[in-house]
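1. structure for this input, please:
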Amino acid sequence: MHSAEPNVPLTSTASPGADGLQDLLDSNRRWAEATKAREPGFFTRLARQQSPRYMWIGCADSRVPANEITGLDPGEVFVHRNVANLVVHSDLNALSTIQFAVEHLKVRHIMVVGHYGCAGVRAALRGLRIGLADNWLRHVQDVRLRHRGRLDHLPPEQQEDVLCEMNVIEQVGNVALSTVIQDAWARGQPVAVHGWVYGLKDGLLKDLGVTMQAHTEVVDVFARALKRYPRGDSAAAGGEG
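-> All right, here's what the predicted structure looks like:
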């Protein structure tokens, strides 16, 4: 019997973007070869063990690559990323990653890193609808509402930068108050939590000065950090923010 289907050419047509993927594979080979030439045994050593001193909790934005920004090689920084660099106490993905980093890899420093120009922070600030991520970004909106007295009097462009910083400060507090870090500190394990913001326009990291190294420091460090953002006159008078 003859099929009623039309004749289909036997030669396949490359899908859009296939050439770009081959470029990535070719680039990977060049990188691997250059790395082996520069440092023989690098991949053999890396395959045996990962022992990073640092954990990076950052935004999923493709313009903020942890290793490149800090000048670290693969294996030197353990990375967790999500939209708007959030650490939510019900997010078992983030908490499990932090626990693995602290209890198994024994990292000494956890950096929560936001970045200016964050689309998630901008959406939360302006009430823009993105889609399913709107539910995730409610956590940033909560930060905005909690500190509206320190934000609303600022020019719009400054509000965005300040909310980026405030969001990092809040997430540093969330990491420090997690059971993982509280338990680590209780058993005397040295681990510090830091808050940084990355500038897309200049490539520089800004230390927000919210390092926490013990459970007794969390409240005071958090309060001092927020005092750097003065309330507006009306908010101060009404006790808001």
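
2. going forward, measure contacts and count neighbours with C-alpha atoms only.
-> Noted.

3. name the SS class of the residue positioned nearest the centre of the chain, please.
-> Taking C-alpha atoms, centre = their mean, the centroid of the chain lies closest to Gly58, which sits 0.9 Å from it. Assigned by DSSP: H, G, I helix; E, B strand; the rest coil, the conformation of Gly58 is strand.

4. pretty sure it sits against Gly114.
-> Yes. Gly58 is in contact with Gly114 according to C-alpha atoms under 8 Å; the separation is 6.0 Å.

5. which parts of this structure are strands?
-> In the chain, the strands defined using DSSP state E lie at 54-59, 77-82, 109-115, 192-198, 205-207.

6. which strands border the second one, and is each parallel or antiparallel?
-> Sheet neighbours of strand 77-82, with direction, are listed as strand 54-59 (parallel) (DSSP bridges).

7. send me the strand it pairs with as CSV with only the CA atoms.
-> Output in CSV follows, covering the C-alpha atoms of strand 54-59 (Å, rounded to 0.1, in the frame of the first residue of the first chain):
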residue,chain,number,x,y,z
TYR,A,54,33.1,30.3,49.6
MET,A,55,29.4,30.0,48.9
TRP,A,56,27.7,32.5,46.6
ILE,A,57,24.0,33.1,46.8
GLY,A,58,23.1,35.3,43.8
CYS,A,59,20.6,36.3,41.2
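
8. between that strand and strand 192-198, how many degrees?
-> Compare the direction of strand 54-59 with that of strand 192-198 by axes from the mean of the first three to the mean of the last three C-alpha atoms, to 10 degrees and you get 40 degrees.

9. and strand 54-59, how far from the chain's centre?
-> 5 Å (C-alpha atoms, centre = their mean, to the nearest Å).

10. can you pull out the low-pLDDT segments for this structure?
-> Applying pLDDT under 70 to the chain picks out residues 1-19, 234-241.

11. which parts of it are helices?
-> Ranges of helices in the chain, per DSSP state H, are 18-38, 42-48, 66-70, 92-99, 119-126, 133-136, 138-146, 148-151, 156-177, 179-186, 218-226, 233-238.

12. possible to save those as CSV with distance to Lys201 and mean neighbour count?
-> Putting the helices of the chain into CSV (distance: least, C-alpha to C-alpha, whole Å; neighbours: other C-alpha atoms under 10 Å) gives the following:
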stretch, distance to Lys201, mean neighbour count
helix 18-38, 26, 12
helix 42-48, 33, 11
helix 66-70, 13, 14
helix 92-99, 28, 16
helix 119-126, 15, 20
helix 133-136, 26, 14
helix 138-146, 23, 19
helix 148-151, 22, 23
helix 156-177, 13, 22
helix 179-186, 33, 17
helix 218-226, 24, 15
helix 233-238, 32, 12
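
13. any chance of those in a markdown table, with distance to His80 too?
-> Shown next, in a markdown table, are those (distance: least, C-alpha to C-alpha, whole Å):
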| stretch | distance to His80 |
| --- | --- |
| helix 18-38 | 22 |
| helix 42-48 | 19 |
| helix 66-70 | 10 |
| helix 92-99 | 7 |
| helix 119-126 | 17 |
| helix 133-136 | 16 |
| helix 138-146 | 18 |
| helix 148-151 | 28 |
| helix 156-177 | 13 |
| helix 179-186 | 15 |
| helix 218-226 | 22 |
| helix 233-238 | 36 |
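
14. all set, thanks.
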